[in-house]
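Novice: how would this look folded up:
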Amino acid sequence: MPSTSLRIGVTTEFHNRAGARLPEIVPDANIILLDAEGAWSADPADLDAFFFSEDLYYLPDAFGAFVELLSSSPPKWMQTASTGVDHSLFAHLLDSGAMVTNSPGVHGSTIAEYVFAYILSHAKRLPQHAANQADRAWTPLESLELAGATLGIVGYGGIGEACARLAKAFGMRTLATKRRMPDSDALDMHFSPDRLHELLAASDYVVLCCPLTDETLNLIDRDAIAAMQSHSLLINVARGRVLDHEALAVALESNAIAGAVLDVAPIEPLRPDSPLWDLPNCQITPHDSCHVDASYMRTADIFFVNLAHLNNAEPLEWVVTDIELSDPSIGDV
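Specialist: Numbers count the residues shown, from 1 in each chain. Have a look, this model is predicted:
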């Protein structure tokens with residue numbers, strides 16, 4: 001028999017965006033809200049489900065309230081809005097015996113658009129054009145054409161494939177690393193992970209899309225960066241600790257590569273004393289490449305699918321069974 005008394009915890013952010021659909025899925029559920037200040041609308045003990053939306057990482061009081069709940073009465077099931085579950089929080093939750101499910105594939109198109117916004121900005125020299133306009137300087141600039149250029153993708157999951165499809169629309173050649181040969185008509189050449197340096201050397205633009213694991217920790221180190229072409233642009237939308245920031249700073253300061261775009265950091269927020277803030281060839285964004293309403297609603301859809309399964313006593317989808325590496329950084333989701 002379907003449950004009629006599920007206790008479901010959600011943030012007020014989720015409730016404001018998608019909460020109207022909750023009664024359609026679980027008409028008689030008891031909804032407990034967690035607000036931005038860390039206050040619960042009712043006692044959150046013994047929750048059957050909790051939707052861990054990404055806004056929690058940027059609300060320290062709410063995040064703290066949820067961590068406190070984990071130590072006293074963890075929810076039986078938690079749906080995370082992210083694909084990656086390398087944060088130490090998720091390991092803690094699995095250790096508690098709770099079920100964790102993630103949200104694969106929801107951010108692919110959104111993050112691919114972010115990647116190409118910066119590729120185009122770099123190729124067409126948009127920052128310099130903006131600076132010239134501010135100076136009222138009519139100064140023609142040489143720019144780059146994407147057609148015929150090569151995009152190297154490190155990690156060919158949903159985000160990597162979305163990047164490859166946009167690249168093909170621009171007439172680019174696409175290369176990617178992946179353990180197994182992917183079945184994708186958007187990819188021109190597959191490289192096994194042990195051939196990473198070959199891919200880096202052949203690429204004009206490199207985008208990091210791989211998960212954080214023991215194998216990918218500091219994957220892009222000094223030697224990997226040295227394998228890149230001097231005119232290449234490196235974009236990290238994976239995890240901060242996939243990339244050695246000290247090695248990157250040295251490379252950017254010496255113009256060993258043309259530039260970098262970082263949407264993630266080893267510890268978030270990026271430390272104020274990081275030299276990367278001051279480098280003109282490094283652009284930094286606060287892990288918000290996926291922050292669009294459409295992406296948020298896709299994560300909500302996955303939660304609703306699993307919530308319907310839970311209500312009907314059916315197995316949940318996208319269950320996380322193991323976490324290889326825990327990331328101590330609060331924002332590195």
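
Novice: which residues of the stretch 101-250 of the chain fall in helices?
Specialist: 108-123, 126-134, 158-169, 196-202, 222-227, 245-253 (DSSP state H, counting those that start in this stretch).

Novice: Mean neighbour count added to those helices, as JSON lines?
Specialist: The way it works is simple: take the backbone N, C-alpha and C, and place the C-beta from them, glycine included. JSON lines is the format used below for these (neighbours: other C-beta atoms under 10 Å):
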{"stretch": "helix 108-123", "mean neighbour count": "20"}
{"stretch": "helix 126-134", "mean neighbour count": "13"}
{"stretch": "helix 158-169", "mean neighbour count": "22"}
{"stretch": "helix 196-202", "mean neighbour count": "18"}
{"stretch": "helix 222-227", "mean neighbour count": "17"}
{"stretch": "helix 245-253", "mean neighbour count": "18"}
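
Novice: Now tabulate these in a markdown table and tack on distance to Met78 and mean pLDDT.
Specialist: Shown next, in a markdown table, are these (distance: least, C-beta to C-beta, whole Å; pLDDT from 0 to 100):
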| stretch | distance to Met78 | mean pLDDT |
| --- | --- | --- |
| helix 108-123 | 23 | 97 |
| helix 126-134 | 41 | 98 |
| helix 158-169 | 21 | 97 |
| helix 196-202 | 34 | 98 |
| helix 222-227 | 35 | 98 |
| helix 245-253 | 30 | 98 |
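
Novice: Among the ones you listed, which comes closest to Trp318?
Specialist: Set against Trp318 and scored by C-beta to C-beta, these come closest in helix 158-169, at 12.4 Å.

Novice: by how many degrees do the closest one and helix 108-123 diverge?
Specialist: For helix 158-169 against helix 108-123, the angle between stretch directions is 50 degrees (axes from the mean of the first three to the mean of the last three C-alpha atoms, to 10 degrees).

Novice: Please state the offset of helix 158-169 from the chain centre?
Specialist: Relative to its parent chain, helix 158-169 has a centroid offset of 15 Å by C-alpha atoms, centre = their mean, to the nearest Å.

Novice: again, but for stretch 113-133
Specialist: A distance of 22 Å separates the centroid of the chain from that of stretch 113-133, by C-alpha atoms, centre = their mean.

Novice: For the chain, give me the ranges with low pLDDT.
Specialist: For the chain, the stretches flagged by pLDDT under 70 are 1-4, 83-92, 94, 322-333.

Novice: how does it look with 50?
Specialist: Confidence mapping of the chain against pLDDT under 50 gives the ranges 1-3, 324-333.

Novice: Report the contact partners of Val242.
Specialist: By C-beta atoms under 8 Å, 6 or more residues apart in numbering, the contact list for Val242 reads Leu208, Cys210, Leu212, Thr216, Leu217, Asn218, Leu219, Ile220, Asn236.

Novice: Could you save the helices of the stretch 101-250 of the chain as a markdown table and add columns showing distance to Glu145?
Specialist: Shown next, in a markdown table, are the helices of the stretch 101-250 of the chain (distance: least, C-beta to C-beta, whole Å):
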| stretch | distance to Glu145 |
| --- | --- |
| helix 108-123 | 7 |
| helix 126-134 | 15 |
| helix 158-169 | 13 |
| helix 196-202 | 18 |
| helix 222-227 | 24 |
| helix 245-253 | 24 |
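
Novice: circling back: which of the contacts of Val242 sits closest to Ser121?
Specialist: Set against Ser121, the nearest of the contacts of Val242 by C-beta to C-beta is Asn236 (15.7 Å).

Novice: The nearest residue to that closest one once chain neighbours are set aside and Asn30, how far apart?
Specialist: Excluding the flanking residues, the one nearest Asn236 by C-beta to C-beta, 6 or more residues apart in numbering is Leu208, at 4.5 Å. According to C-beta to C-beta, to the nearest Å, Leu208 stands 42 Å off from Asn30.

Novice: higher neighbour count, those two?
Specialist: Neighbours were counted for Leu208 and for Asn30 using other C-beta atoms under 10 Å; Leu208 has more, 25 against 13.

Novice: was I right about that one contacting Gly152?
Specialist: No - between Leu208 and Gly152 there is no contact, the gap being 9.6 Å when judged by C-beta atoms under 8 Å.

Novice: which residues does the nearest residue to Lys178 once chain neighbours are set aside contact?
Specialist: Sequence neighbours aside, Tyr156 is the residue nearest to Lys178 in space, at 4.1 Å (criterion: C-beta to C-beta, 6+ apart). Applying C-beta under 8 Å, 6+ apart to Tyr156 gives the contacts Ala164, Ala176, Thr177, Lys178, Pro182, Ser184, Leu187, His190, Cys209.
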